[in-house]
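*Asks:* based on what follows, work out the 3D shape:
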Amino acid sequence: MDRAPRTSSALLGLRAAVPWRVALVVVVVALIARLSLVLFAAPYSTPDTAVYETVANNIYKHFCVSRSDPATAACRPDWGGNQLPGYPTLIALSWWIGGPSAWSILVLQSALASLAVGWLTIAVFVYTRRVDFACAAGLLLAISPLQVGFSRTLLTEPTAIAATEWVFAELILSLAMRRLRLWPLGAALAAAIFIRYDAILLCLIAAWTAFHLHPMGAALRRGAALASIVAAPLALWTLRCVVAGLPYFPSTPVAGVTWPTPNHMLQWGMSWAVTSEQQFNFAFPILDGDYSDIRVPASIYVNDGERREVEQQLRTLSRLDGHPVPREIDDVFASLMAQRRGSHPVETFLVYPLKRAVAMWGDAYSSYGWPINFHPAEAFAIVHAVDRGGVDALIRAVLQYPFQAAGKVAVNGYKFMVFGIFAIAIIWRRSAALAEISEITLVAAAYALVRTAFFASGVVAYSEIRYLAEALPGLELVCALTIMFWIKARRTTA
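*Replies:* Now for the predicted structure:
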């Protein structure tokens, strides 16, 4: 398909009246869907929420970024808590607008999420030149079960998803105009990174887009310009932190933990932990200081020597509940990790990450923020019962929790349907029906792949499907467009 004439039509599309009206409808639908859940479901929080709100309180009351107790006004400088201060700043902004309450936070993040879906709708219109295609894609994202549920969460996910959709919109507009939109894309990338560190992975997708649209020399020049735009606010914030006496690189403290994290021990666990259950039973007791609750499956040891060493260290730790992991014990796990990597490199670097990726995407119990979740210990007890009792145990669990079961079937059934349609779009992306959205399909697939590889690699102490949420809007967008192009192809054939 020849895209050379797109530039002028794309610029006209941005100023056209029809797509803006469609985008307004999409924004209203998205806002109604999100605020309805916010009104009728209790807010969801985790220990991370307390960190975000502490930093936000310091911004709100003292105009400083700090993890100090806001009541003391100590304002000891901090990089921003668990992440850079993007989300705490949004919380503080919501409190300045509507007063300090969870409701203010949820309304503002729902509004931003709705606006992001509207802008992505405009981008789809500019790319496809079809109002019906843009409307279908926008409405699907507006009421997506994989997005709406997060609107009640006091976590980075709803805002991070919105920032990712903003980036995707700028990438699609760049593809439509056949040139990289430097300033809007740079602003979107910087905003996404200030909300979550892992949004830096979007820069890889932007780099691919630059080389896809421009010859080598032009791609390098525009890529360097884009990198400068993204790096400028990050460099200024880094300068502020260094001048304030903080280290050159931010740390990511674990919520509720006041002592250094035993990173070597956690990395050893991520060298074999595949399922959420395995990660929960190993990592969380370490992070909480409840070492006597650590559980390691007998099947994961590579040899008897490793098993004996681990069991000895865990016996020692079981007597130290509530205290930091001693440095010498963490060093033992560093040695065990090095031995694993040296003696079993294929399993460590390939097999286990692949299994972890499959487990993350194949999780059929995730709630995606909807009020249908169980306490982790209760959820794992149900999974254990189903593993042992098979279909009979599954039926008993469904009868015992019919509301949660129906919700999980609906949300995860929709998710697997999206996966199926997206897989078909990838396989047939060069077909006559889907060639027009081949570029968007590749962008969505690339980000899903990059994000999956990052979290499945074991570089973080705990991974779950929630961390892949930012990749889902791209998959849903491709699914909506795929269905619309199939309908168009069938009509043309008829």
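*Asks:* domain map for the protein?
*Replies:* The chain resolves into domains spanning 6-250, 258-338 when parsed by automatic domain parsing.
*Asks:* any idea which of these is most buried?
*Replies:* domain 6-250 (a mean of 19; mean count of other Cβ atoms under 10 Å). Yep, even glycine has a C-beta here, placed from its N, CA and C like the rest.
*Asks:* any idea of the mean pLDDT in that domain?
*Replies:* What domain 6-250 shows for mean pLDDT is 93.
*Asks:* can you check stretch 305-315 too?
*Replies:* Computed over stretch 305-315, the average pLDDT equals 93.
*Asks:* gap between that stretch and the chain center?
*Replies:* Chain-centre distance of stretch 305-315: 35 Å, with Cα atoms, centre = their mean, to the nearest Å.
*Asks:* neighbouring contacts of that stretch?
*Replies:* The set of residues that contact stretch 305-315 without belonging to it, under Cβ atoms under 8 Å, 6 or more residues apart in numbering, is Tyr291, Ile294, Val296, Ala298, Tyr301, Ile329, Val332, Phe333, Leu336, Gln339, Arg340.
*Asks:* one more pass at 6 Å, please.
*Replies:* By Cβ atoms under 6 Å, 6 or more residues apart in numbering, the surrounding residues in contact with stretch 305-315 are Ile294, Tyr301, Ile329, Val332, Leu336.
*Asks:* quick one: buried residues of stretch 345-362?
*Replies:* Under the neighbour-count criterion of 16 or more other Cβ atoms under 10 Å, stretch 345-362 has Glu347, Thr348, Tyr352, Pro353, Lys355, Arg356, Ala357, Ala359, Met360, Trp361 buried.
*Asks:* so which of those are in helices?
*Replies:* With helices defined by DSSP state H, the entries of the buried residues of stretch 345-362 inside them are Tyr352, Pro353, Lys355, Arg356, Ala357, Ala359, Met360, Trp361.
*Asks:* tell me which helix or strand Trp183 sits in.
*Replies:* If you go by DSSP states H and E, Trp183 is part of helix 182-195.
*Asks:* what helices and strands are in contact with that helix?
*Replies:* Helix 182-195 makes packing contacts with helix 86-98, helix 157-177, helix 216-243 when contacts are defined by 3 or more Cβ pairs under 6 Å, 6 or more residues apart in numbering; DSSP states H and E.
*Asks:* returning to what we had before: format the ones in helices among the buried residues of stretch 345-362 as TSV; extra columns: distance to Ser36 and pLDDT.
*Replies:* As requested, those are exported to TSV (distance: Cβ to Cβ, whole Å; pLDDT from 0 to 100):
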residue	distance to Ser36	pLDDT
Tyr352	41	92
Pro353	39	93
Lys355	38	93
Arg356	35	93
Ala357	34	93
Ala359	32	90
Met360	29	91
Trp361	28	92
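*Asks:* which of those lies closest to Thr452?
*Replies:* Looking at these and their distance to Thr452, the nearest is Ala357, at 5.1 Å (Cβ to Cβ).
*Asks:* what's near enough to touch that closest one?
*Replies:* Taking Cβ under 6 Å, 6+ apart, we find Ala357 in contact with Thr452, Ala456.
*Asks:* hmm, 10 Å instead?
*Replies:* Val274, Leu449, Thr452, Ala453, Phe455, Ala456, Ser457, Ser463, Leu468 (Cβ atoms under 10 Å, 6 or more residues apart in numbering).
*Asks:* tilt between the host helix or strand of the fourth one and helix 352-361?
*Replies:* Assigned by DSSP H and E, Ala453 belongs to helix 438-456. For helix 438-456 against helix 352-361, the angle by axes from the mean of the first three to the mean of the last three Cα atoms, to 10 degrees is 110 degrees.
*Asks:* and Asp301, what are its phi and psi?
*Replies:* Careful, residue 301 is Tyr; it's not Asp. When quoted as degrees, to the nearest 10, the phi and psi of Tyr301 stand at phi -70, psi 140.
*Asks:* from Ile300, how far off is the closest residue in space to it that isn't next to it in sequence?
*Replies:* Computed as Cβ to Cβ, 6 or more residues apart in numbering, the closest residue to Tyr301 that is not its neighbour in sequence is Arg307, at 4.1 Å. Going from Arg307 to Ile300 by Cβ to Cβ, to the nearest Å gives 9 Å.
*Asks:* just to revisit the earlier point, the helix holding Ala453 vs helix 157-177, what angle?
*Replies:* Computed by the same axes, to 10 degrees, the angle between helix 438-456 and helix 157-177 is 150 degrees.
*Asks:* next secondary structure element downstream of helix 438-456?
*Replies:* Once the chain leaves helix 438-456, the next helix or strand it forms, by DSSP H and E, is helix 472-493.
*Asks:* next one: phi and psi at Pro77?
*Replies:* Dihedral angles phi and psi of Pro77 (degrees, to the nearest 10) take the values phi -60, psi 150.
*Asks:* thought Arg67 was touching it, still the case?
*Replies:* Yes. Contact between Pro77 and Arg67 holds when scored by Cβ atoms under 10 Å: they sit 9.4 Å apart.
*Asks:* tilt between the helix or strand following the helix holding Trp183 and helix 182-195?
*Replies:* Going down the chain from helix 182-195, the next helix or strand is helix 202-213, by DSSP H and E. For helix 202-213 against helix 182-195, the angle between stretch directions is 160 degrees (the same axes, to 10 degrees).
*Asks:* mind listing residues that contact stretch 60-71?
*Replies:* If you take Cβ under 10 Å, 6+ apart as the criterion, stretch 60-71 is touched by 51, 53-59, 72-82, 84-85, 88-89, 91-96, 100, 237, 240-241, 244, 253.
*Asks:* picking up where we left off before, would you turn the domains of the chain into a markdown table with distance to Thr493?
*Replies:* Written out in a markdown table, the entries for the domains of the chain read as follows (distance: least, Cβ to Cβ, whole Å):
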| stretch | distance to Thr493 |
| --- | --- |
| domain 6-250 | 18 |
| domain 258-338 | 45 |
